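Visitor: With the input below, show me the fold.
(chains A and B)
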Amino acid sequence: MNHAHVLYHMVRADFLERVRRYSFLLTLAGALYLAYGVITEKVWVVLGNGYRGVYNSAWIGALMAICCSTFLSLAGFYVVKNSVQRDRDTRVGQILAATPMRKTFYTLAKAISNFAVLAAMLAVLMVAALVMQWLHSEANQFSLWKLWAPFVLLSLPVMALTAAVTVLFETIPLLRGGFGNVAYFFMWTTGLALGAQAGIAEPMGMQVLFRSTRAALLQVDPNVRDSFSLTIGGERAVQRFLWTGFDWTVPIVLSRLLWVGVAVALALVASVFFHRFDPAYEQGRKAPASRPANSEVNETQSTVADNVSPAHLTPLAGNRGRLRFAHLVGSELRLMLKGQRWWWYAGAAGMLIGSLASPTADERANWLIAAWVWPVLIWSQVGSRETRFATQSLVFSSERSLQRQLPALWAAGVLLAIMTGAGVGVRLLLSGDRNGLLAWLAGALFIPSFALASGVWSRSSKLFEALYTVWWYVGPLHHTAGLDFMGISRASASPGVYLVAAAGLLAAAYMGRRVRLGYA
Amino acid sequence: MRLIIDKVSKRYGSGTLALRGFSLELGPGVLGLLGPNGAGKTTLMSILATITRASEGNISWNGSDVARDPDRLRAELGYLPQDFGVYPNLNPVEFLEYLAAVKGLDGTAARGRIDELLNLVNLTDVRKRPLGGFSGGMKQRVGIAQALLNDPKLLIVDEPTAGLDPEERVRFRNLLSDLSGERIVILSTHIVSDVEATATDIALISQGTLVAHASPEELLRQVESKVWEWVIPSAELAAAKQKFLISSTTRRSDGVHTRLLGSTPPPHAVAVAPNLEDAYLYCLSNYRAGAAA
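Guide: Numbering: from 1, shown residues only, chains lettered A, B, ... in the order given. Purely as a prediction, here's the structure:
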């Protein structure tokens, strides 16, 4: 087997498949918007007492490389986290498993193909950096090396690491699905927080940038404060200093290459968890149901041993006609909750009791924050479940599925929000806090609407899992005004906005499903 | 009860024309829709099941335009798609209860119906087992049950016997025959024996076009005195294939017994009774020859 030939074709097929997806273009657009933020001075790296570098090749290159590493290490994960899953779903994996390909080769090849996709985005951003330099340079000198070296030595290792972590997540059963999507976000935020700590090896290269720029800044202001921050729309730098770029010493280059080594190691570790699509290891996985089952019940158990008997069916007379919406909502809710383990119910019940029993509003707010992230993996199925389990043709060919099933799905999602957040809702009702109750209700309506619209338009649970987790973290958890859809504090709550948003998202979901059906 | 398909065409985004001016009028009975792979059978099924719209043409169900009011048809439709999924954490009863709710059946009626259907498709013993552990054939039987939940007046089944064992296949054929009296059943398949056993009418489709619409007897009459058995040495088989339309070959001690179709038989060929497979091949061959000319 010619390994290079196989590798080339695996990477090429994966690469082409993913760069032709909308998610690739959307993520690239997000990264380009960040780059645009650099020109329009909405994205800053602020040092010491409000310093920023003069916009020369070195500063623009470093700033963009850091921004892109940060953004693509999060969004890029969700874009490339599907290559192993796709092989599983399409059953191409079973064909590959029947070849002499080694497990380590497969996971390394998948990591390389992920890296190729992320590197392609980075390449576009490197070209964008040239444009930035042309548009916004505050210096006359231009150096392609200083502009692009940060992309190569700071960002590429981050992309390699992201690519390998993605494969690791895809091979570990627990992290393969929605839980992994949510867990990665928290891993990413933890990684960023650790990166801000001096003396800790971190992949983003923040410390490399900090040390280099601080050394230059000390020449200008020996008493400068020891701080470094990457901000979007926050504190603006008021003073400039000249930074001529990194001194790429051997230890610095090696420290960056170390992360490429870590990426390779992680891709190899992934091979330990990769079982060549062996159905024996796939039990319990919610496989797309159109595929043959992994663990089959012996068919002879249900076949009759005697001669074939004629088949007859009693006419179903007089039982049709009235359309029972409440019954359908109940069925949707039951379907949502089916398969949840005991600990999920125990957790939800604990949060309900905790919020009912909490004496202070602050404590109750914290319970609500927890209670409304607990069902995230259930909500994320709303709107995309039919695609995931290939039941569209059964559900969508039913009478008035757009007018009945879609609203029932949404209503079941709202009921889930009401049930899990009921502790806080009841306390707000008892205390007569109308504003608080309105904000709570807005949250209960907004979350399922957001989930439904995301699911219907993306036909995947991943979009909601990624966006909701980030939004939940930035908005309710950090009480960010305008983004707090749960109305956690009076200052940050905007119930009117979220009631309107819920209606808008519901309408978007309706339109999305209508477009999908092709029929009104 | 009338289903009228009038000059229906379907063009996909890629420019592929899957159906070309397809017309057909159907009343109660079983229509066997036969055609080679890629003929447009599944596209036609999807359009009739209101999963996708026709690019051109009209479909009317009991006088109502399906494009304008698809729900009128959906209320009386049972559909078994060629590829469909199930929710792996649900058992057959729960899955059928869910789809019964989606179809608007009330709980009590649905429960009785589900019991009967599970018995009918021979899944009563595994009614409490999660669908995730079912084999392809067992899932297919769940699909058959869901298609019959709402007592459909129009039953569309696309490759329904795929994955079924011979015994289940016979049961399903019996069921289709049993149901056909008071409803329209459209059975799409490439298995001629399934059609032979159940269809009251046959439509042959090729390259998105209706090649023939007739009763099985009428189709068989078209190949009367045109089917021959000819015993030849193995070495002559390749040459015979070039010269004649051969529907089957069997190797025996006295040579290869070839079954061939044509008006002019080779010397020593013996006339045999035609079957539906012969008629199918003959019609398709004539259509292709006409299209090529």
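Visitor: mind giving me the domain split of chain B?
Guide: B:3-215, B:221-292 (automatic domain parsing).
Visitor: ends of the longest one, how far apart?
Guide: End-to-end distance for domain B:3-215, by C-alpha to C-alpha, to the nearest Å: 17 Å.
Visitor: go on, the shortest one?
Guide: Between the start and the finish of domain B:221-292 there is a gap of 25 Å, counting by C-alpha to C-alpha.
Visitor: Now do that domain: distance to the chain's middle.
Guide: 25 Å (C-alpha atoms, centre = their mean, to the nearest Å).
Visitor: go on, stretch A:147-160?
Guide: That offset, for stretch A:147-160, works out to 22 Å (C-alpha atoms, centre = their mean).
Visitor: can I get the CA coordinates of it in CSV?
Guide: The C-alpha trace of stretch A:147-160 is given here as CSV (Å, rounded to 0.1, in the frame of the first residue of the first chain):
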residue,chain,number,x,y,z
LEU,A,147,3.5,39.9,8.7
TRP,A,148,3.2,36.2,8.0
ALA,A,149,5.6,34.6,10.5
PRO,A,150,3.2,34.8,13.4
PHE,A,151,0.6,33.0,11.3
VAL,A,152,3.1,30.2,10.6
LEU,A,153,4.7,29.9,14.0
LEU,A,154,1.9,31.0,16.3
SER,A,155,-1.3,30.0,14.6
LEU,A,156,-0.4,26.9,12.6
PRO,A,157,0.6,24.9,15.8
VAL,A,158,-2.8,25.9,17.3
MET,A,159,-4.5,24.6,14.2
ALA,A,160,-2.6,21.4,14.4
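Visitor: pLDDT of the helix or strand B:E217 falls within, averaged?
Guide: Per DSSP states H and E: B:E217 is located in helix B:216-222. The pLDDT scores in helix B:216-222 average 93.
Visitor: The next helix or strand after it - contacts with which helices or strands?
Guide: Elements were assigned by DSSP H and E; along the chain past helix B:216-222, the next helix or strand is strand B:227-232. If you count contacts as 3 or more C-beta pairs under 8 Å, 6 or more residues apart in numbering or on different chains; DSSP states H and E, strand B:227-232 packs onto strand B:255-261, strand B:270-271. C-beta: built from backbone N, CA, C; applies to glycine.
Visitor: ok, and for whatever helix or strand comes next after the shortest one, which residues are buried?
Guide: Later in the chain than strand B:270-271, the nearest helix or strand by DSSP H and E is helix B:276-292. Using 16 or more other C-beta atoms under 10 Å in any protein chain shown as the test for burial, helix B:276-292 gives B:L276, B:E277, B:D278, B:A279, B:Y280, B:L281, B:Y282, B:C283, B:L284, B:Y287.
Visitor: just stretch B:235-243 next, same as before
Guide: By neighbour count on 16+ other C-beta under 10 Å, the buried set for stretch B:235-243 is B:L237, B:A240.
Visitor: winner for burial among the domains of chain B?
Guide: Most buried of the domains of chain B, by mean neighbour count (mean count of other C-beta atoms under 10 Å in any protein chain shown): domain B:3-215, with a mean of 20.
Visitor: how far out from the middle of the chain is that domain?
Guide: 9 Å.
Visitor: ranges for the strands of the stretch 101-250 of chain B?
Guide: If DSSP state E, counting those that start in this stretch is used as the criterion, the strands of the stretch 101-250 of chain B fall at B:154-158, B:184-189, B:201-206, B:209-214, B:227-232, B:245-252.
Visitor: just to revisit the earlier point, among the buried residues of helix B:276-292, which one lies nearest to B:H213?
Guide: Distance to B:H213, by C-beta to C-beta, is smallest for B:C283 among the buried residues of helix B:276-292, at 10.6 Å.
Visitor: Quick check, the closest one in contact with B:Q222.
Guide: Yes. Taking contacts as C-beta atoms under 8 Å, B:C283 lies within contact range of B:Q222: 6.9 Å.
Visitor: Point out the other helices and strands that the helix or strand of chain B with the lowest mean pLDDT packs with.
Guide: Least confident helix or strand of chain B, by mean pLDDT, DSSP states H and E, is helix B:166-179 with a mean of 84. Packing partners of helix B:166-179 (3+ C-beta pairs under 8 Å, 6+ apart): helix B:136-147, strand B:154-158, strand B:184-189, helix B:192-198.
Visitor: what about dumping the CA coordinates of it to CSV?
Guide: Extracted C-alpha coordinates of helix B:166-179, given in CSV (Å, rounded to 0.1, in the frame of the first residue of the first chain):
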residue,chain,number,x,y,z
PRO,B,166,-39.1,-15.3,2.2
GLU,B,167,-41.8,-16.0,4.7
GLU,B,168,-42.3,-12.3,5.6
ARG,B,169,-42.2,-11.5,1.9
VAL,B,170,-45.2,-13.8,1.3
ARG,B,171,-47.0,-12.4,4.3
PHE,B,172,-46.6,-8.9,2.9
ARG,B,173,-47.7,-9.8,-0.6
ASN,B,174,-50.9,-11.3,1.0
LEU,B,175,-51.4,-8.2,3.0
LEU,B,176,-51.1,-6.0,-0.1
SER,B,177,-53.6,-8.2,-2.0
ASP,B,178,-55.9,-8.1,1.0
LEU,B,179,-55.8,-4.3,1.3
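Visitor: buried set for stretch A:126-135?
Guide: A:M126, A:A128, A:A129, A:L130, A:M132, A:Q133.
Visitor: Then A:Y510 would be within a strand, right?
Guide: No. Secondary structure of A:Y510 (DSSP: H, G, I helix; E, B strand; the rest coil): helix, not part of a strand.
Visitor: Find the nearest non-adjacent residue to it, please.
Guide: A:L406 (6.4 Å; C-beta to C-beta, 6 or more residues apart in numbering or on different chains).
Visitor: distance of that neighbour from A:T480?
Guide: For A:L406, the distance to A:T480 equals 31 Å [C-beta to C-beta, to the nearest Å].
Visitor: the more surrounded of the two?
Guide: Applying other C-beta atoms under 10 Å in any protein chain shown to A:L406 and A:T480 shows that A:L406 carries more neighbours, namely 25 against 14.
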